[in-house]
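[1] Give me coordinates for this.
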Amino acid sequence: MKNGLVITGAIIVFIMGFLALFADFIAPFDPTATNISKSLVPPSFEHPMGTDQLGRDVFSRMVYGARISLLVGFVAVGISTLLGVFFGAVAGFYGGKVEALIMRFVDVMLCFPSFFLILAVIAFLEPSIINIMIVIGLTSWMGVARLVRAEILRLKNQEFIMAATISGVGHARMILHYLLPNAMAPVFVSFTLGVAGAILVESGLSFLGIGVQPPTPSWGNILTDGKATLEVAWWLSVFPGLAILFTVLGYNLLGEGLRDWLDPKNKS
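    Numbering: from 1, shown residues only. As a prediction, this is how the structure comes out:
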């Protein structure tokens, strides 16, 4: 509770999560309902964030967009974390040729800029939320793998692991019950920071028109709507931009705070 970064980040994350979870009750209008007679209405009491070109309530679309962004973030990072933990644990535990093969593949994957790699893969697939989550997850696990491998290599020399080896503990049990539980603290931090990155990627893809497809609302495609009317409808760009900013900032603050809190060097 004394860590201001964790508290600030947690508050932002909680607010965004609350909006996403209870979007059906918070949003005053149907996010896809059009009303041309109220096209580009500026922020008012009835429409706190104004309306877009089709007369859709921007606040309602923002609330439902939070659900999409967080869903993509958590599922994509969940996939990447599972893959990274698996390959990192196998590489660190077995070493030798197995480690060399896995880590050289990781090095090759890291040579490609992640966002452009995602763009290249998405270009050959039908744009959908499921495809976006899978592609982001499959192209962003390398950092977790390197992190877990380093932790496993460090733990392998600990006395409790040597004692378990002498006791005849099998490889699977050694990894699942002894090594991974003691290597997960930095993975939690990586997961938190990864959600912020995945939200940025999804917003970028939607802004480019190859992410979440209209009429499904997302912060990225709301920004796209605002690009053409920036001079006359500033709210279409400002509000989704601020939502992306504060959400990413919240997860980054939470991740950095958790990193400081979990670091043994900071504990008296």
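
[2] Which residue ranges of the chain form helices?
    4-21, 23-26, 58-94, 96-110, 114-122, 129-138, 142-155, 159-166, 171-173, 180-183, 185-208, 219-227, 235-262 (DSSP state H).

[3] could you dump these to TSV with distance to P48?
    C-betas here are computed from N, CA, C, even on glycine. What follows is the helices of the chain, written out as TSV (distance: least, C-beta to C-beta, whole Å):
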stretch	distance to P48
helix 4-21	13
helix 23-26	11
helix 58-94	5
helix 96-110	43
helix 114-122	33
helix 129-138	26
helix 142-155	39
helix 159-166	56
helix 171-173	54
helix 180-183	46
helix 185-208	21
helix 219-227	14
helix 235-262	9
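
[4] can I get those in TSV with mean neighbour count and mean pLDDT?
    Output for the helices of the chain, formatted as TSV (neighbours: other C-beta atoms under 10 Å; pLDDT from 0 to 100):
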stretch	mean neighbour count	mean pLDDT
helix 4-21	16	89
helix 23-26	12	92
helix 58-94	22	93
helix 96-110	13	91
helix 114-122	16	79
helix 129-138	19	88
helix 142-155	20	91
helix 159-166	12	82
helix 171-173	10	83
helix 180-183	17	87
helix 185-208	22	89
helix 219-227	22	89
helix 235-262	20	88
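
[5] Could you work out which of those helices reaches nearest to H47?
    Smallest distance to H47 across these (C-beta to C-beta): 6.6 Å, for helix 58-94.

[6] So what's the gap between the closest one and the chain middle?
    The chain centroid and the centroid of helix 58-94 are separated by 5 Å, computed with C-alpha atoms, centre = their mean, to the nearest Å.

[7] before we move on, the earlier item: of all the helices of the chain, which one comes closest to N35?
    helix 58-94 (12.0 Å).

[8] Just list the residues touching L153, thanks.
    Taking C-beta atoms under 8 Å, 6 or more residues apart in numbering as the criterion, L153 is in contact with G92.

[9] out of everything not next to it in sequence, what's closest to T224?
    F207 (5.3 Å; C-beta to C-beta, 6 or more residues apart in numbering).

[10] I meant L254, not that one.
    Closest to L254 by C-beta to C-beta, 6+ apart is G9, at 3.1 Å.

[11] wait, doesn't that neighbour sit right on Y251?
    Yes. Under the criterion of C-beta atoms under 8 Å, G9 makes contact with Y251 at 6.7 Å.

[12] what sits against L249?
    9, 12.

[13] hmm, 7 Å instead?
    Neighbouring residues of L249 by C-beta atoms under 7 Å, 6 or more residues apart in numbering: I12.
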